[in-house]
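In: dropping a prediction and its sequence here:
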Protein chains: 2
Amino acid sequence: MDRKNIPRATVRRLSLYCRYLAEIREQDIEYVSSRELGGGIGTNAAQVRKDLSFFDRFGTPGRGYPVGFLHQRLEQILGIDGRRWQVAIIGVGRLGSALVDYGGFLKHGFHVVAVLDSDKKKIGQTVKSLTIEDVADLKAVIERSRVDIVVVAVPAEFAQRVATQAVDAGIRAVLNFAPATLILPEEVNLRHVDLAVAMESLSFHLIR
Amino acid sequence: MDRKNIPRATVRRLSLYCRYLAEIREQDIEYVSSRELGGGIGTNAAQVRKDLSFFDRFGTPGRGYPVGFLHQRLEQILGIDGRRWQVAIIGVGRLGSALVDYGGFLKHGFHVVAVLDSDKKKIGQTVKSLTIEDVADLKAVIERSRVDIVVVAVPAEFAQRVATQAVDAGIRAVLNFAPATLILPEEVNLRHVDLAVAMESLSFHLIR
DNA sequence: TGCAAATAGTAAATTATTTCACAAACTTTT
DNA sequence: AAAAGTTTGTGAAATAATTTACTATTTGCA
């Protein structure tokens, strides 16, 4: 696989291509053109070809891309082929618990292996057969359960603290749901799922 | 306010600046430099100045930006100043219900005024003093409740259908939580909050 | 087999976004 | 009141991402 700098937008689209391919694979479609594939995720043929060209030559001129093969290769490229990512969710509020049994997790090789909170009343209870642990023991939990990815679902004011603790415990990938900007070392992979930002962007465009 | 084409990334950052300003405003800080403001959201001073320069000259050389004033102006620019956006949530599964009483909504002028589902067992029940309505009545609900923004929180296979119905009923802004690409007319504002894409992007970078 | 149609791959052009660099404006100090 | 120190706003430069345009393959059919 490639060392080149892949645009972040390209990586995002790879996920979307992959999802679309899974769908049409179900329908036993064998080949798909860059035009169809682009149309399926709301972009164009040139973008598809450029995105894929970062990795390999997957297609056949005159025919398009072999659906099954490309799907498989994209799963490899995305690191969701057979691999098993261990996820810890910090913060078992409404959102946190919704995430624990979010079906999409398991389907793509992401396994929730630990759930943590700071609320003494919640610690010890179980969610989906996982015992809620004390966030004070974060480092121990991360090591014991070999966590790869930490999901931050705590209130904004605690988000930076738990994220920093997770990184100190060796975590290299963080998905943040808290409405807060996290400042973490460069080398840590950080993604935000920010409802407020999305809503405000809609608001911004609606009034124009 | 301006007609120019504002980069999407700039709009995203405006939200973050706004949030950061709200925080330091609480601490009665009166001025903030572009450097501090950038640092606060993980970008740099030049980016801050360029972003703000799309709209107006807010700062004072040698001093920085007046916190309260800039915060207020950004709220205006984002359309979250006193205005009241009416939101309908379609799909009252785990995620949908988590969203209904997501505090951050109300705080920024977004009011959930309707909740819909297709499940006969859920229709008629109440969530946060809202009666769950039949998604078959979507158009009527949107008109009656003067909905501005529709949040799609249904399973992927139904997402396109309800989104299209919402647009047909006059909706111009959609926030999609379903793991599906929605194809909607250009002029409709569409944002995705896509957990799978975020996780896969982390996975992609972790294996490199 | 040969020819028309379709489509991938890619270099170059274009467009968009970010960063640089510096003059002008303002504050603070002496 | 002048000098020194900050920090903004902004054109220009640099970088990044997308789109265009064209070549080369491959298919499918006569």
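Out: Perfect, I can see it now.

In: tell me the spacing between the residue of chain A positioned farthest from its centre and DNA strand D.
Out: Going by C-alpha atoms, centre = their mean, the residue of chain A most distant from its centre is residue A:62, 34.2 Å out. Going from residue A:62 to DNA strand D by C-beta to the nearest atom of the strand, to the nearest Å gives 3 Å. (C-beta placed from N, C-alpha, C; glycine too.)

In: for residue A:21, which non-adjacent residue is closest in space?
Out: Nearest non-adjacent residue to residue A:21, counting by C-beta to C-beta, 6 or more residues apart in numbering or on different chains: residue A:71, 3.9 Å away.

In: which residues are contacting the longest strand along chain A?
Out: Determined from DSSP state E, the single longest strand within chain A is strand A:110-117. For strand A:110-117, the external contacting residues (C-beta atoms under 8 Å, 6 or more residues apart in numbering or on different chains) are A:84-92, A:96, A:99-100, A:105, A:123, A:127-128, A:130-135, A:137-138, A:141-142, A:145-147, A:149, B:199, B:203.

In: restricted to strands, list these.
Out: Secondary structure from DSSP E places A:85-90, A:127, A:130-134, A:149 of these in strands.

In: switch these over to CSV; also include neighbour count, pLDDT and distance to residue A:29.
Out: Shown next, in CSV, are those (neighbours: other C-beta atoms under 10 Å in any protein chain shown; pLDDT from 0 to 100; distance: C-beta to C-beta, whole Å):
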residue, neighbour count, pLDDT, distance to residue A:29
A:85, 23, 97, 29
A:86, 15, 97, 34
A:87, 23, 97, 32
A:88, 24, 97, 38
A:89, 30, 97, 36
A:90, 28, 98, 41
A:127, 18, 94, 39
A:130, 18, 95, 39
A:131, 11, 98, 44
A:132, 22, 98, 44
A:133, 21, 98, 45
A:134, 16, 98, 50
A:149, 24, 98, 32
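
In: report the two of these separated the most.
Out: A:85 and A:134 (23.4 Å; C-beta to C-beta).

In: and the residue nearest the centre of chain A?
Out: residue A:175 (7.4 Å).

In: show the average pLDDT along the helix or strand hosting that residue.
Out: Taking DSSP states H and E as the criterion, residue A:175 maps to strand A:173-176. Throughout strand A:173-176, pLDDT has a mean value of 98.

In: what's next to the helix or strand in which residue A:70 is found, contact-wise?
Out: Using DSSP H and E, the element containing residue A:70 is helix A:67-78. When contacts are defined by C-beta under 8 Å, 6+ apart, helix A:67-78 is touched by residues A:1, A:11, A:14-15, A:17-18, A:21-22, A:24-25, A:29-32, A:52, A:55-56, A:58, A:81, B:200, B:203-204.

In: now stretch A:121-141
Out: With C-beta under 8 Å, 6+ apart as the contact definition, stretch A:121-141 has outside contacts at A:88, A:90, A:92, A:97, A:100-101, A:112-118, A:147, A:154, A:162, A:165-166, A:168-169.

In: so chain A: which segments form each domain?
Out: Split into domains by automatic domain parsing, chain A comes to A:8-78, A:85-198.

In: which helix or strand in chain A has the lowest average pLDDT?
Out: helix A:103-107 (a mean of 70; mean pLDDT, DSSP states H and E).

In: now could you export just the CA positions of stretch A:81-100 as CSV?
Out: Extracted in CSV, the C-alpha atoms of stretch A:81-100 (Å, rounded to 0.1, in the frame of the first residue of the first chain):
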residue,chain,number,x,y,z
ASP,A,81,-10.8,-6.5,6.1
GLY,A,82,-11.0,-9.2,8.7
ARG,A,83,-9.0,-7.0,11.0
ARG,A,84,-10.5,-6.3,14.4
TRP,A,85,-10.3,-2.9,15.9
GLN,A,86,-10.8,-2.6,19.7
VAL,A,87,-12.8,0.4,20.7
ALA,A,88,-13.4,2.0,24.1
ILE,A,89,-16.2,4.4,24.7
ILE,A,90,-15.8,7.0,27.4
GLY,A,91,-19.0,8.5,28.7
VAL,A,92,-22.1,6.5,29.0
GLY,A,93,-24.7,9.2,28.7
ARG,A,94,-27.4,9.1,26.2
LEU,A,95,-25.1,9.4,23.2
GLY,A,96,-22.5,7.0,24.7
SER,A,97,-25.1,4.3,25.2
ALA,A,98,-26.6,4.8,21.8
LEU,A,99,-23.1,4.2,20.4
VAL,A,100,-22.4,1.1,22.4
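
In: return the residues of chain A in contact with DNA strand D.
Out: Taking C-beta under 7 Å from any atom of the strand as the measure of proximity, chain A contacts DNA strand D at A:5, A:7-10, A:43-44, A:46-47, A:49-50, A:60-63.

In: just the buried ones among those residues, please.
Out: Buried members of the residues of chain A next to DNA strand D, counted by 16 or more other C-beta atoms under 10 Å in any protein chain shown: A:10, A:43, A:47, A:49.

In: I'd guessed residue A:151 sits against residue A:86; true?
Out: No: if you go by C-beta atoms under 8 Å, residue A:151 and residue A:86 don't touch, sitting 11.5 Å apart.
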